[in-house]
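Visitor: below: sequence and its predicted model.
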Amino acid sequence: MADKTKKSYIDNLVNSIEDYVSKGKEEELREKISMTIKSKIFSEDIEECLNSRDFSDVGLLDNSVEDISFMFSTIFPIFIESRGATFRLYKHKVEIMLSDKMKDRFIYIFSEGRLTSGEFKCYKLYEDEYVYIVKRVIENIPKFREAIKEQIEDLDEGMGELAKKKTTSKNQLDKSKENSNILLEMLK
């Protein structure tokens with residue numbers, strides 16, 4: 001009897017180790033796929049384009065310095081529509097809406113390759129739902145890239161307008177100070 005218990009214990013231990021190893025491998029594979037997807041979307045040319053934008057000279061109209069991360073965040077999320085689904089691309093994830101139902105909403109996290117539904121169900125690489133959603137993300141890589149480029153162009157145009165407004169504001173402030181000095185001199 002003791003031998004059966006011992007054998008059962010060893011079998012359970014071996015199964016636990018196998019489950020742990022296979023779970024680790026599955027996570028590793030998901031992460032590899034997701035990081036490849038991210039690198040395809042945010043390829044070197046896209047990263048260079050994003051990182052080359054210098055927002056440090058753009059301030060608020062009151063001439064204070066604008067937070068660079070705020071300006072960068074104006075690019076994201078990137079919205080695209082494809083085959084009846086809406087995708088929202090952020091720097092670290094993609095949100096997928098197949099319909100208005102919570103069960104048809106998903107979040108795909110690049111760093112882990114984790115896919116979670118709107119009902120908080122996490123999918124694994126061996127599940128059909130995971131493969132289906134990730135395929136949809138992969139299909140849309142060219143659209144994501146194009147949309148990022150368009151957003152950058154729009155931002156560049158907006159930056160030019162903001163720079164003009166900043167210059168106008170500075171000129172108006174300088175003129176206001178000058179006029180204020182003239183009027184205050186008259187009151188002495």
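Guide: Looks like it came in fine.
Visitor: please pull out the lowest mean pLDDT helix or strand from this protein.
Guide: Ranking every helix and strand in the chain by mean pLDDT, DSSP states H and E puts helix 68-73 at the bottom, with a mean of 54.
Visitor: continuing past that one, what's the next helix or strand?
Guide: Sequence order places strand 78-82 as the next helix or strand after helix 68-73, per DSSP states H and E.
Visitor: mind listing what's buried along whichever helix or strand comes after that next one?
Guide: For strand 78-82, the succeeding helix or strand toward the C-terminus, using DSSP H and E, is strand 85-89. Residues Ala85, Phe87, Leu89 are the ones in strand 85-89 that count as buried (16 or more other CB atoms under 10 Å). (C-beta placed from N, C-alpha, C; glycine too.)
Visitor: the first one: what's its closest spatial neighbour, skipping adjacent residues?
Guide: Sequence neighbours aside, Leu98 is the residue nearest to Ala85 in space, at 4.9 Å (criterion: CB to CB, 6 or more residues apart in numbering).
Visitor: and if you look at the last one?
Guide: Nearest residue to Leu89 in three dimensions, chain neighbours excluded: Ile78, at 4.2 Å (CB to CB, 6+ apart).
Visitor: count the neighbours of the one you found for me.
Guide: By the criterion of other CB atoms under 10 Å, Ile78 has 20 neighbours.
Visitor: so it touches Lys93, yeah?
Guide: No. With contact defined as CB atoms under 8 Å, Ile78 does not count as touching Lys93 (11.6 Å).
Visitor: Arg114 and Leu125, how far apart?
Guide: Relative to Leu125, Arg114 is positioned 10 Å away (CB to CB, to the nearest Å).
Visitor: same thing with Asp156?
Guide: 39 Å.
Visitor: same deal with Lys164?
Guide: Distance, Lys164 to Leu125, using CB to CB: 51 Å.
Visitor: and these two? Which one has more around it.
Guide: More crowded of Lys164 and Leu125, by other CB under 10 Å: Leu125, with 16 against 10.
Visitor: that one looks like it's in a strand, true?
Guide: No. Per DSSP: H, G, I helix; E, B strand; the rest coil, Leu125 lies outside any strand segment and is coil.
Visitor: circling back: quick one: contacts for the residue nearest to Ala85?
Guide: Gly84, Ala85, Asp104, Arg105, Phe106 (CB atoms under 8 Å, 6 or more residues apart in numbering).
Visitor: and for Ile109?
Guide: Ser34, His92, Lys93, Leu115, Thr116.
Visitor: can you tell me the strand partners of whatever helix or strand the fourth one lives in and which way each runs?
Guide: Assigned by DSSP H and E, Leu115 falls within strand 114-117. Partner strands for strand 114-117, per DSSP bridges, with pairing direction: strand 105-109 (antiparallel), strand 122-123 (antiparallel).
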